[in-house]
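*Asks:* Provide a 3D model corresponding to the input given below.
(one chain, ligands or ions: 2)
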Amino acid sequence: MVKCSFCDKPAVYINRVNNLAYCRQHFTEYFEKKVKKTIRKYRMLGKRENIVVAVSGGKDSMALLYFLWKLSKKNPGWSVSALIIDEGIKNYREYTIRNFLRVNEILKVPYRIASFKEYFGMTLDEMVEEGKKKGLPYLPCAYCGVFRRYLINKVAREMGATVVATAHNMDDVVQTFIMNLAKDTLEKLARSGPVTGVARHEKFVRRIKPFIEVTEKETTIYAILNGLIEPEYYKCPYAEYNIRFKIRKLLNELEEVQPGVKQGLLNSMLGIIESLNSRIKAEEIKTCEICGEPSSHRVCRACQFRMELGLLPRVSFELRREKPAL
Ligand code: SF4
Ligand code: ZN
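*Replies:* Numbers count the residues shown, from 1 in each chain. Ligands and ions are numbered 1, 2, ... in the order given. Now for the predicted structure:
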């Protein structure tokens, strides 16, 4: 049995980067201290905040909701609520929502569930089927990501959020970094940083990633220790089509051979973002000519998808991709 490096209790986690072992209590202290430091370092939260946590009901978002709920007890100027996006993925999302409801019987945070069906007229499963019928490329994760980001911003704004907190951890952002490198879409990197909202728009709610400096493994242990995970594991049926999961496997293998690879990639990514932001700051986020939401094009990606799927009448517009100067 491996013992904690700080006391005699059994270790629940070994950090292979600093070679320290942590028992339950010392792991909790280590984890919470690290996340609080990230919040301070990037000035994520002020004295008065209406924090809306984007929650899927999975381990990461439940860990974030629990952590911010706990922290809010010591910060009287903060209110914490949850926003759950129900994409409509059968045999998956209903279980994670059930997990959120189970945990929230204890936390009792105000929450709202917003579904693709309610806002766009189709569940994700129906969109995928419609796409197939229309002979469109098979894009479940692209629909899911675009519509989910769109709804998080729109509904959080309706909920009066001053800030939206998302549970992206170090693994998530590093995977996104690699994906952007592979797809030659570095201009999208700006939104992968710890705080998003460098280019201002009155309808854009500032987004923060308090878990950006903790790994998925650490977040998972925190969630397990606090009873935030359902005993059964449910996997999204579309996950196998997402290149992210292959990158995730590869990065875990690299980390196994050389601990610290993910941290190194995160540091590189943050350096590139800093250089990108000095240029992006000067640019305005546009307003979608169809729905009026913030957009990087004349017509936002969600409206483009809605037109392709027959959920909106088609209009013609020009798409121009602007590449950043590094
Ligand atoms: Fe959405 Fe794809 Fe993730 Fe499933 S795997 S939740 S479809 S992004
Ligand atoms: Zn739009």
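
*Asks:* do the host helix or strand of residue 97 and ligand 1 meet at all?
*Replies:* Using DSSP states H and E, residue 97 sits in helix 93-107. No: Helix 93-107 stays clear of ligand 1 (Cβ under 6 Å from any ligand atom), getting no nearer than 7.9 Å. In this view, the C-beta of every residue, glycine as well, is placed from N, C-alpha and C.

*Asks:* next SSE after that helix?
*Replies:* As assigned by DSSP H and E, the chain's next helix or strand after helix 93-107 is strand 111-115.

*Asks:* by contact count, what packs against that following strand?
*Replies:* strand 78-86, helix 93-107, helix 140-158 (3 or more Cβ pairs under 8 Å, 6 or more residues apart in numbering; DSSP states H and E).

*Asks:* Could I have the CA atoms of that strand written out in PDB?
*Replies:* Only the C-alpha atoms of strand 111-115 are listed here, as PDB (Å, rounded to 0.1, in the frame of the first residue of the first chain):
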ATOM      1  CA  TYR A 111     -31.200  25.000 -12.400                       C
ATOM      2  CA  ARG A 112     -32.600  25.100 -15.900                       C
ATOM      3  CA  ILE A 113     -32.700  22.300 -18.500                       C
ATOM      4  CA  ALA A 114     -32.700  23.600 -22.100                       C
ATOM      5  CA  SER A 115     -33.100  21.100 -24.900                       C
END
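
*Asks:* State the mean pLDDT of the helix holding residue 97.
*Replies:* What helix 93-107 shows for mean pLDDT is 95.

*Asks:* Tally up the residues packed near residue 91, please.
*Replies:* Taking other Cβ atoms under 10 Å as the neighbour definition, residue 91 ends up with a count of 11.

*Asks:* from now on call the first residue 21
*Replies:* Taking 21 as the first residue, the last one we looked at is residue 111.

*Asks:* which residues does it contact?
*Replies:* 254, 257 (Cβ atoms under 8 Å, 6 or more residues apart in numbering).

*Asks:* which strands and helices sit next to the host helix or strand of residue 60?
*Replies:* Element membership for residue 60, per DSSP H and E: helix 44-61. In terms of contacts (3+ Cβ pairs under 8 Å, 6+ apart), helix 44-61 is packed against helix 79-92, helix 236-245.

*Asks:* Next to ligand 2 in this structure, residues from this structure, please.
*Replies:* Taking Cβ under 5 Å from the ion, the part of the chain that reaches ligand 2 is made up of 308, 310, 311, 320, 323.

*Asks:* What is the most widely separated pair among those?
*Replies:* By the measure Cβ to Cβ, 310 and 320 form the most distant pair in those, at 7.4 Å.

*Asks:* coming back round to it: what subset of the residues of the chain next to ligand 2 is buried?
*Replies:* With neighbours counted by 16 or more other Cβ atoms under 10 Å, the residues of the chain next to ligand 2 contain buried members at 308, 310, 311, 320, 323.

*Asks:* a markdown table please, covering these and showing pLDDT, secondary structure and distance to residue 76.
*Replies:* Shown next, in a markdown table, are these (pLDDT from 0 to 100; DSSP: H, G, I helix; E, B strand; the rest coil; distance: Cβ to Cβ, whole Å):
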| residue | pLDDT | secondary structure | distance to residue 76 |
| --- | --- | --- | --- |
| 308 | 94 | coil | 25 |
| 310 | 93 | coil | 27 |
| 311 | 95 | coil | 24 |
| 320 | 94 | coil | 22 |
| 323 | 96 | helix | 24 |
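
*Asks:* Any chance of JSON lines for those residues, columns distance to ligand 1?
*Replies:* Output for those, formatted as JSON lines (distance: Cβ to the nearest ligand atom, whole Å):
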{"residue": "308", "distance to ligand 1": "22"}
{"residue": "310", "distance to ligand 1": "23"}
{"residue": "311", "distance to ligand 1": "21"}
{"residue": "320", "distance to ligand 1": "18"}
{"residue": "323", "distance to ligand 1": "19"}
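
*Asks:* Among those, find me the one that's closest to residue 44.
*Replies:* For these, the nearest to residue 44 is residue 320 (45.4 Å; Cβ to Cβ).

*Asks:* Many thanks, I have nothing further to ask.
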